[in-house]
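> Turn this into a model:
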Amino acid sequence: MKKTIFTVAAVSMLALSGISANELKTIETEATIEMVSPDDLSAFCKAVMQGDVDTVKKFIELGEDVNQKSLGKAPIHYAARYNKAEVLKVLIDNGADLKKRCDGGMTAMKYAELSHAKDAMAVLKAAMKK
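Got it, this is the predicted structure:
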């Protein structure tokens, strides 16, 4: 009797583990992760992200386009995302498009909201009223 119970238990364990192994094979992942090298980001957008107002002004003086995208986002998106209010003011004063959307479809205001960047939101709201 003990041998029969043990045999049935062993067969059941093998059968159940075989089913779950087959189920695991059919699971597909839909998420994709794209690794981006920091070197791919333009130097202008790096200065914006770091909040380096003087360097941003120098780039603009040298003819850098304030609406040129880098990695799918314009400099205004990076300034809003990282709450760089002073840089945001400089970009807006030099013709940055407040309604420009990134490749993902988001505006600078949306980046500021998602990042809880209160200073950047205040600058953007003031600029939109003008």
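> so where is the protein shaky, pLDDT-wise?
Low-confidence segments of the chain, defined by pLDDT under 70: 1-2, 6, 8-39.
> if you go through it in chain order, where are the helices?
Shown for the chain, the helices assigned by DSSP state H span residues 2-26, 43-50, 53-61, 75-81, 85-93, 108-114, 118-129.
> Could you dump those helices into CSV and include mean neighbour count?
(Each C-beta comes from the backbone N, C-alpha and C, glycine too.) Formatted as CSV, the helices of the chain follow (neighbours: other C-beta atoms under 10 Å):
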stretch, mean neighbour count
helix 2-26, 9
helix 43-50, 19
helix 53-61, 16
helix 75-81, 29
helix 85-93, 21
helix 108-114, 21
helix 118-129, 16
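> mind putting these in TSV, distance to Arg101 included?
Formatted as TSV, the helices of the chain follow (distance: least, C-beta to C-beta, whole Å):
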stretch	distance to Arg101
helix 2-26	38
helix 43-50	16
helix 53-61	21
helix 75-81	9
helix 85-93	16
helix 108-114	9
helix 118-129	14
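> if we compare those, which one ends up closest to Lys100?
For Lys100, the closest of those is helix 75-81, at 6.5 Å, according to C-beta to C-beta.
> Can you list the neighbours in contact with that closest one?
For helix 75-81, contacts defined as C-beta atoms under 8 Å, 6 or more residues apart in numbering pick out 44-45, 48-49, 56, 66-68, 73, 84-85, 87-88, 91-92, 96-98, 100, 102, 106-109, 111-112, 114-115, 117, 120-121, 124.
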